[in-house]
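Q: Give me a model of this one.
(chains A, B and C)
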Amino acid sequence: MARPIITLTTDYGTSDNYVGVMRGVILNINPEATIVDISHSVLAHDILDGALTIGQAHKYFPPRTIHLVVVDPGVGTARRPILVAGDTHYFVAPDNGVLSAVYDQSESIHAWHVTAEHYFLNPISATFHGRDIFAPTAAWLSKTWQTASFGEEIEDYVRFAIPKPKASGNTIKCLVLRVDHFGNLVTNLRPEDAPALFAPEAKFTIRVGTGVVQKIVATFAEGAAGEAVGMIGSTGYLEISVNKGNAARALGVARGSEVTVELG
Amino acid sequence: MARPIITLTTDYGTSDNYVGVMRGVILNINPEATIVDISHSVLAHDILDGALTIGQAHKYFPPRTIHLVVVDPGVGTARRPILVAGDTHYFVAPDNGVLSAVYDQSESIHAWHVTAEHYFLNPISATFHGRDIFAPTAAWLSKTWQTASFGEEIEDYVRFAIPKPKASGNTIKCLVLRVDHFGNLVTNLRPEDAPALFAPEAKFTIRVGTGVVQKIVATFAEGAAGEAVGMIGSTGYLEISVNKGNAARALGVARGSEVTVELG
Amino acid sequence: MARPIITLTTDYGTSDNYVGVMRGVILNINPEATIVDISHSVLAHDILDGALTIGQAHKYFPPRTIHLVVVDPGVGTARRPILVAGDTHYFVAPDNGVLSAVYDQSESIHAWHVTAEHYFLNPISATFHGRDIFAPTAAWLSKTWQTASFGEEIEDYVRFAIPKPKASGNTIKCLVLRVDHFGNLVTNLRPEDAPALFAPEAKFTIRVGTGVVQKIVATFAEGAAGEAVGMIGSTGYLEISVNKGNAARALGVARGSEVTVELG
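A: Alright, predicted model coming up:
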């Protein structure tokens, strides 16, 4: 059988040894696990950003992958650690909604409140449950695959709605969900939210920051150098890019900025 | 038998291919090795920071893990490469004290001066012993486990004292050893250095940067938003945090800053 | 047989989940692959920087390693995806010259235009061929090793010349190819380009940024603190360093800056 895969998605960054310590905890419990980083650059304490990060990435991994997701501003409080079985993957995370985008994409969800302390590190710190609770839970799951041994099944897991675009007449207001490494602006607008925008010969104006976009293109290379253009990005959302440039810098835009689409 | 684990702790950062090259050297010698990053963000040339990084992290890994630690401002000079067997782990590092915190935690230490050049890359550069000496040594050790084959055993390995808090009357002076990714200030004060500080109803004032701390809490979530609080952090040291904020920025504090605890 | 090794060299950075997604795609196709990062900090869209990064690093890996190299400013355009078999390694990359330094070091090169769409993810995005084309190609190659199954062999792969120093009388003009994590300036001058510079008792002046270098040393530790010195770096090129300092900051130098060597 293939070695179990445990992925890591956190807001821990890479300037400390926190992630390294989690890797050690996992390998100490299950030296056969293959540990794979999805991202440690979730914005600090930002549960929505964490939800989007794992929501987009998890489905590319093989069935039975265990995804460890630690964005946990409530660490040490009463928020529950949970273990979740989706359609084909497992997730270990705080019960704060960070799996909301996963829930949205799953037909079947089973969730357990992780309470089996004999799996945890001892003592349990108040501030680093990634090390003391979440990593051990994922590692033990990768050995036993006995989800029910970790605690009671629950149905009231926390779930929030990913922000959707709002249409009013010919105007659609959406948001920059993320600025990526290249400065591309990933919005929360999908083609089905505004089919007219992506029709041939569509007339529209998109306003974002100091920029005006009047062209939807298929690839980064289209558009004049320095021109701001829209395209359907690799995650299926409208992205605003600047050809051979950094759209976030060029247009003065950051995560959370409003994007206004005017049709016609 | 489980695959051998080699961890990497360096100050090489991740903007170059230096760490990637070390991984290649290890896998070329032992393709069965599992390579795990602890941190590549040790402060450049900072042996104390390296000592703390590996000192805290190594113990979470399985027995027989080989820890490669390269913080090496004296690369190319006469400082010795060493191989160390602690209680249950192995270490490969320059002999400049970067393993001091490991020594502090070990009951038994055996150290060898690594001189067996047939294990090294050839030619040996003057500036990248991580690639040419340390990585090959760790990789060959993971195949042979013959510590004595690498050179003569030594007892005079370099060791320095991790800075300790200094008490004078009711005042204890300590230091910020590290600012973490979240802006938390990790000090060098342990509960046993100031038991009165952590007693119920303790009266005290902690001064650090522009801040005054008068509350010890159990979790990040306690304390009003923006309030600076103290807590025992995940590594067992006093940490200063700002609830929903970045303590380093809020209090104008950097690594090395003085922290003054006044009791009573 | 040892597990297949797939290395990753990209300009994707680590602030997104792009690299994590590629890892998932690879493991979904071949869960036995060992994935190793060489660098994700190639300068954005900088094909020369990518060529140097993989050109220096690949040779340290074991034979049969598959190197996935994605620096792809033309993603979505007609530039071809290629699969390359060098002397002992494989490469998967866009055909934009990013393998030029590899070609320079190889006696034998075979290249295939990757067109076998049944290996690709479906649908293929216009902007993320790292996920949809290159990662699947590398992963399938690591299972089948059938290079010819990916498309037609080609001979007109794109190749550019790595910039060389230019000599004129006693003056040699070279370039800073890279500023590393420590601020060292890696130039494009090799000892064979200026043997007189490295001769004993050589007389010379090197000008770079605001600095003047008049000493060639063997190790970082030589030279007075703060003094700018030259040395043959670990990749075989002249490097300019400042002892216990950051040469790039001290001399006001960035990548691409001119370096002038005056002999005599």
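
Q: Kindly indicate whether residue A:35 is helix, strand or coil.
A: Judged by DSSP: H, G, I helix; E, B strand; the rest coil, the three-state class of residue A:35 is strand.

Q: Now the stretch 1-150 of chain A against chain B: closest residue?
A: The minimum distance from the stretch 1-150 of chain A to chain B, using Cβ to the nearest Cβ, falls at residue A:76 (2.9 Å). For the C-beta atoms, the positions are set from N, CA and C on the backbone; glycine is no exception.

Q: If we ignore the residues flanking it in sequence, what's nearest that residue?
A: Of all residues not flanking residue A:76 in the chain, residue B:219 sits nearest, at 2.9 Å (Cβ to Cβ, 6 or more residues apart in numbering or on different chains).

Q: does that neighbour really touch residue A:129, like I thought?
A: No. With contact defined as Cβ atoms under 8 Å, residue B:219 and residue A:129 do not form a contacting pair (10.2 Å).

Q: Out of those two, name the residue with the larger neighbour count.
A: Comparing residue B:219 with residue A:129 by neighbour count (other Cβ atoms under 10 Å in any protein chain shown), the higher total belongs to residue A:129, at 24 against 17.

Q: Could you list the residues of chain A in contact with chain B?
A: Within chain A, the positions lying close to chain B (Cβ under 8 Å from any Cβ of the partner chain) are A:12-21, A:23-25, A:27-28, A:31-32, A:35, A:44-45, A:73-77, A:125-128, A:131-132.

Q: List the ones among the residues you listed that fall in strands.
A: When strands are assigned by DSSP state E, the members of those inside them are residue A:35.

Q: Only whichever of the residues of chain A next to chain B are buried, select them in PyMOL.
A: Only the buried members of the residues of chain A next to chain B end up in this PyMOL selection, burial being decided by 16 or more other Cβ atoms under 10 Å in any protein chain shown:
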select buried, chain A and resi 12+13+14+15+16+17+18+19+20+21+23+24+25+27+28+31+35+45+73+74+75+76+125+126+127+128+131+132
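
Q: still on that earlier bit, tell me the residues that contact both of residue B:219 and residue A:129, please.
A: Contact with both residue B:219 and residue A:129 is made by residues A:75-76, according to Cβ atoms under 8 Å, 6 or more residues apart in numbering or on different chains.

Q: and the residue of chain A nearest chain C?
A: With Cβ to the nearest Cβ, the shortest gap between chain A and chain C falls at residue A:219, namely 2.9 Å.

Q: still on that earlier bit, and what about the residue nearest to residue A:76, helix, strand or coil?
A: With three-state DSSP as the basis, residue B:219 sits in coil.

Q: got the contact list for it?
A: By Cβ under 8 Å, 6+ apart, the contact set of residue B:219 is A:75-77, A:126-127, B:231.

Q: Give me the distance between the closest residue to residue A:225 other than its chain neighbours and residue A:183.
A: In space, not counting the residues next to it along the chain, residue A:225 is nearest to residue A:244; the distance is 4.9 Å by Cβ to Cβ, 6+ apart. Residue A:244 sits 11 Å away from residue A:183 when distances are taken as Cβ to Cβ, to the nearest Å.

Q: who's more crowded, these two?
A: Per other Cβ under 10 Å, whichever of residue A:244 and residue A:183 has more neighbours is residue A:183, with 18 against 14.

Q: Please give the element, helix or strand, for that one.
A: Counting by DSSP states H and E, no helix or strand carries residue A:183.

Q: Excluding sequence neighbours, find me the nearest residue to it.
A: Counting by Cβ to Cβ, 6+ apart, residue A:183 lies nearest to residue A:246, which is 3.0 Å off, once chain neighbours are set aside.

Q: tell me, how many neighbours does the one you found end up with?
A: The criterion is other Cβ under 10 Å. On that basis, residue A:246 has 15 neighbouring residues.

Q: my guess is it meets residue A:181, correct?
A: No. At 9.7 Å, residue A:246 does not count as touching residue A:181 under the criterion of Cβ under 8 Å.

Q: Can you list the buried residues in stretch A:190-200?
A: Within stretch A:190-200, the residues that count as buried by 16+ other Cβ under 10 Å are A:190, A:193-194, A:197-198.

Q: I'd like the residues you listed laid out as TSV, including secondary structure and pLDDT.
A: As requested, the buried residues of stretch A:190-200 are arranged in TSV below (DSSP: H, G, I helix; E, B strand; the rest coil; pLDDT from 0 to 100):
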residue	secondary structure	pLDDT
A:190	coil	95
A:193	helix	94
A:194	coil	93
A:197	helix	94
A:198	helix	91
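
Q: which one of those residues is nearest residue C:240?
A: residue A:190 (50.7 Å; Cβ to Cβ).

Q: Show me which residues of chain A are close to chain C?
A: By Cβ under 8 Å from any Cβ, the part of chain A that sits against chain C consists of A:2-3, A:5, A:7, A:9, A:14, A:34, A:36-41, A:53, A:56-58, A:60-62, A:65, A:178, A:180-182, A:218-221, A:231-234, A:239, A:244.

Q: Next, residue A:248: phi, psi?
A: Backbone torsions for residue A:248, taken as degrees, to the nearest 10, come to phi -60, psi -40.

Q: how about the nearest residue to residue A:18, chain neighbours excluded?
A: Nearest in space to residue A:18, with sequence neighbours left out and distances taken as Cβ to Cβ, 6+ apart, is residue A:12 at 4.5 Å.

Q: Would you agree the one you found is in contact with residue B:181?
A: Yes. Between residue A:12 and residue B:181 there is a contact under Cβ under 8 Å: 6.2 Å.

Q: Overlap in contacts, these two.
A: With Cβ under 8 Å, 6+ apart applied, the overlap between the contact sets of residue A:12 and residue B:181 consists of residue A:18.

Q: So which residues of the stretch 151-264 of chain A form helices?
A: In the stretch 151-264 of chain A, the helices defined using DSSP state H, counting those that start in this stretch lie at A:247-251.

Q: sorry, back to before: you'd agree the residue nearest to residue A:225 is up against residue A:227?
A: No. With contact defined as Cβ under 8 Å, residue A:244 does not reach residue A:227; the gap is 9.4 Å.

Q: now the end-to-end length of stretch A:73-88.
A: Using Cα to Cα, to the nearest Å, the end-to-end distance of stretch A:73-88 comes to 28 Å.

Q: mind checking how far the residue nearest to residue A:225 is from chain B?
A: Computed with Cβ to the nearest Cβ, to the nearest Å, the distance linking residue A:244 and chain B is 22 Å.

Q: cool, residue A:216 as well?
A: According to Cβ to the nearest Cβ, residue A:216 and chain B sit 35 Å apart.

Q: Next, the contact list for that residue, please.
A: Taking Cβ under 8 Å, 6+ apart as the definition of contact, the neighbours of residue A:216 are A:197-198, A:202, A:229-231.

Q: Same question for residue A:60.
A: Contact analysis of residue A:60 by Cβ under 8 Å, 6+ apart lists C:21, C:24-25, C:28, C:131.

Q: ok, now how distant is it from residue C:70?
A: Using Cβ to Cβ, residue A:60 is found at 15 Å from residue C:70.

Q: Need the pLDDT of the residue nearest to residue A:18.
A: At residue A:12, the pLDDT value in this model is 97.
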